[in-house]
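> okay, structure incoming, though there's no sequence with it:
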Ligand SMILES: *Cc1c(COP(=O)(O)O)cnc(C)c1O
């Protein structure tokens, strides 16, 4: 299998499994226990927290471990909206967020909040001007993603953050696709809340984190024990936390080299497509080098993906295929409106393990399959 779907999930690195194994088999103590087994688990969490905080330029006390990006997004959004309800009920997000953000805001609308969904231009980059125009006296929370998971575009988070900080409006960013791939400095970005996930960086599934700036109040969304400084009840996922820190450590150590390698893979793929004469366009401007979203006019997405799968190529479309009908990608609809490309685009996302030879095979497969539709 040639796997080009790293924006969906990534294989876990063996080094990560190795770091986790002791906490699954021998050091299984509950971190809340006073005995030696508990203390050793507690020490592992503390170490991981310090390591990750350093990468984000955050304080260890500002990190909450969660079950993943979805829970982090939900906790940030519901927690902040509820905690500031008396101050105002206007919230802002964008039309091309991950569903973990979008559906949270839709739920808040049902609860009586007023939500502005910012339009997204063709570039896939939301402008500061659009945000400035949408802000009102009663705006309490803004959530705008850092790197988009379908088109890879990067938002000017630092500019948004600076503007919102001056207004005293809470700012959350879903950084799941950027975490580990680029250095993140929560101070320079002026964010109050930031979500990340383990399984997008060759770590385990079911672990993530939420950065919460000191002083920012969130209404609790889980009730139980006093874990995570009483902010997230439930016994900590010790192996997951250790695995997350290890995965991040590997990402950082190999980051520059890996980014260069991925830029090369991207460039070779585009060169081959240009040479082949197939008709295509890249959706959105370049952002995360590992995400490439391509529009191939006249393809039919379902048979297209099946034909690629038969050639052992794993790519994806933002479109959900349900019982014979293809739902257009909400990200591409936000960027291009009603357009054939919302149903005829493919996401190729590179990651650890992808080699040049595989990309040559992918280029050949794409060329053959696209031609069968375009000729
Ligand atoms: C994958 C993803 C999520 C969800 O993270 P999980 O850990 O799978 O819950 C949220 N936001 C973005 C941008 C993602 O790519």
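All right, it came through fine. In this text, all values refer to a predicted model and were calculated from it rather than measured experimentally. Residues are numbered from 1 along each chain as shown.
> and for residue 353, the neighbour number?
13 (other C-beta atoms under 10 Å). Any C-beta I mention is one placed from the backbone N, CA and C, and that applies to glycine too.
> how about it, secondary structure?
What DSSP: H, G, I helix; E, B strand; the rest coil gives for residue 353 is coil.
> do I have it right that it meets residue 12?
No. Taking contacts as C-beta atoms under 8 Å, residue 353 lies outside contact range of residue 12: 11.3 Å.
> the stretch 251-375 of the chain: strands as residue ranges?
For the stretch 251-375 of the chain, applying DSSP state E, counting those that start in this stretch gives strands covering 281-282, 291-295, 313-314, 320-322, 325-327, 345-349.
> now whichever residue of the stretch 201-350 of the chain sits closest to the ligand. Its backbone dihedrals?
Residue of the stretch 201-350 of the chain nearest the ligand, by C-beta to the nearest ligand atom: residue 208 (5.0 Å). Main-chain dihedrals, residue 208, degrees, to the nearest 10: phi -160, psi -180.
> and the stretch 151-300 of the chain, which residues reach the ligand?
174, 176-177, 197, 199-200, 208 (C-beta under 6 Å from any ligand atom).
> repeat the analysis, applying 8 Å as the threshold.
For the stretch 151-300 of the chain, the residues found near the ligand under the criterion C-beta under 8 Å from any ligand atom are 174, 176-177, 195, 197-200, 205-208.
> in helices, which of the residues you listed fall?
Among those, none falls in helices (DSSP state H).
> turn those residues into TSV, columns for neighbour count and pLDDT.
Compiled in TSV, those are given as follows (neighbours: other C-beta atoms under 10 Å; pLDDT from 0 to 100):
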residue	neighbour count	pLDDT
174	30	98
176	28	98
177	29	98
195	31	98
197	29	98
198	32	98
199	23	98
200	26	98
205	16	98
206	16	98
207	29	98
208	28	98
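> closest to residue 370 out of these?
residue 177 (26.0 Å; C-beta to C-beta).
> the nearest residue to the closest one once chain neighbours are set aside: how many residues sit nearby?
Nearest residue to residue 177, sequence neighbours excluded (C-beta to C-beta, 6 or more residues apart in numbering): residue 147, at 3.8 Å. Using other C-beta under 10 Å, residue 147 has 24 other residues around it.
> phi, psi of residue 147?
According to degrees, to the nearest 10, residue 147 has phi -120, psi 130.
> which residues does it contact?
153-155, 175-178, 181, 287-288, 291 (C-beta atoms under 8 Å, 6 or more residues apart in numbering).
> ranges for the helices of the protein?
14-25, 36-56, 69-83, 99-110, 128-134, 157-167, 186-189, 227-230, 238-276, 301-310, 330-336, 356-374.
> residues near residue 44, how many?
23.
> the residue nearest to it when sequence neighbours are not counted and residue 38, how far apart?
Spatial nearest neighbour of residue 44, chain neighbours left out: residue 242 (5.4 Å); criterion: C-beta to C-beta, 6+ apart. Using C-beta to C-beta, to the nearest Å, residue 242 is found at 15 Å from residue 38.
> what about those two, which has more around it?
residue 242 (26 against 16).
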